[in-house]
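[1] mind looking at a prediction? Sequence and model below.
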Amino acid sequence: MTEKADSSLARMLSVLDLFTDQQLSWTAEGITEALQVSLPTGYRYVKMLVEAGLLQRSSHSHYTLGPRIIVLDHYIRLSDPVLQHGLPFLRELVAQTGLDCVLSGLYGQQVLDTHREPGTSPASLSYGRGRPRPLFLGAAPKAILSCFTPAQLHRVFDEHALAIAQAGLPTEWAAFRKHFSTIRKAGYYFSNGELESNLAAVAVPLVPADGRILGAISLVTTVQRMAVIDLHKLVPLVQRTAQDITARIG
């Protein structure tokens with residue numbers, strides 16, 4: 001495949017990146033303008049993505065994401081090693097604690113929740129499977145970031161200065177690195193009303209022996225319920241679950 005063809009394919013696939021919580025449908029003209037391509041090229045991209053099932057036409061000449069993505073998500077669930085090996089351990093953790101257990105994964109610099117096992121009184125969560133989470137708010141992302149190498153963490157620091165400041169994190173590199181080093185040494189992160197004001201969570205990273213960062217496990221409940229739970233007893237249960245899962249995968 002030529003460099004030009006590679007570039008055209010990448011541009012066509014970037015159409016899928018246009019869909020967000022804020023904009024769930026696009027016209028072909030809007031896609032063309034957003035990608036800054038010619039109108040015939042934009043229409044060709046849309047046509048090919050519709051034929052592949054990655055887009056579908058909705059009302060008033062708008063396009064939404066297509067059914068093929070649902071099929072692909074099914075295959076992702078079946079092939080995800082953390083889900084393959086981890087579900088029995090997550091369910092055991094829920095049985096022990098009665099709290100919601102959430103599995104989060106790291107994809108590039110994006111944290112996504114991939115599974116939730118509800119507890120005895122399921123919490124109302126704004127973030128579910130597939131919805132990108134803020135990188136600097138909440139227990140799971142911080143547990144994951146704490147496992148980054150200094151070079152990886154520095155890249156995040158350089159690329160997300162505004163989000164870091166908005167999250168109330170240190171805006172100088174030395175202090176930023178120290179913040180996540182402290183989390184890493186603790187082996188967990190506790191958030192209390194940080195991402196959603198009514199929710200608290202304890203998260204532990206999933207890191208097998210080869211050093212890969214697979215994601216994090218979180219126990220989530222209301223701030224009120226968490227206030228009467230002994231964290232010193234809760235944290236080892238989450239850590240043990242993480243160790244069991246990574247040992248099974250490893």
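    Arrived safely.

[2] now do the helices in the chain.
    Per DSSP state H, the chain carries helices over the ranges 3-13, 28-35, 39-51, 68-79, 81-97, 139-145, 150-159, 161-166, 173-186, 223-226, 231-249.

[3] nearest to Asp21, out of those helices?
    Nearest of these to Asp21, taken as CB to CB: helix 68-79 at 15.5 Å. Where C-beta positions appear, they are placed from N, C-alpha and C, glycine not excepted.

[4] other residues contacting the closest one?
    52-54, 83-84, 130 (CB atoms under 8 Å, 6 or more residues apart in numbering).

[5] at 10 Å instead, please
    16, 19, 49, 52-56, 83-84, 114-115, 129-130 (CB atoms under 10 Å, 6 or more residues apart in numbering).

[6] again, but for stretch 240-250
    By CB under 10 Å, 6+ apart, stretch 240-250 touches 81-90, 92-94, 96-97, 101, 103, 143, 187-188, 203-210, 212, 214-217, 219.

[7] and for stretch 151-171?
    Here stretch 151-171 has contacts from 109, 134-138, 141-142, 145-150, 172-173, 175-181, 194-195, 213, using CB under 10 Å, 6+ apart.

[8] put the buried members of those residues into a ChimeraX selection.
    Only the buried entries of the contacts of stretch 151-171 go into this ChimeraX selection, using 16 or more other CB atoms under 10 Å:
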select :135,136,137,138,141,142,145,146,147,148,176,177,180,194,195,213
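
[9] ok, and which of the helices of the chain has the densest surroundings?
    Among the helices of the chain, ranked by average contacts under mean count of other CB atoms under 10 Å, first place goes to helix 139-145 (a mean of 28).

[10] which strands and helices sit next to that one?
    Judged by 3 or more CB pairs under 10 Å, 6 or more residues apart in numbering; DSSP states H and E, the packing partners of helix 139-145 are strand 100-107, strand 110-117, helix 150-159, helix 173-186, strand 189-192, strand 199-206, strand 215-222, helix 231-249.

[11] partner strands of the shortest one and their direction?
    Put plainly, it is strand 189-192. strand 199-206 (antiparallel) (DSSP bridges).

[12] okay, now the domains of the chain?
    Using automatic domain parsing, the domain parsing of the chain gives 3-70, 80-249.
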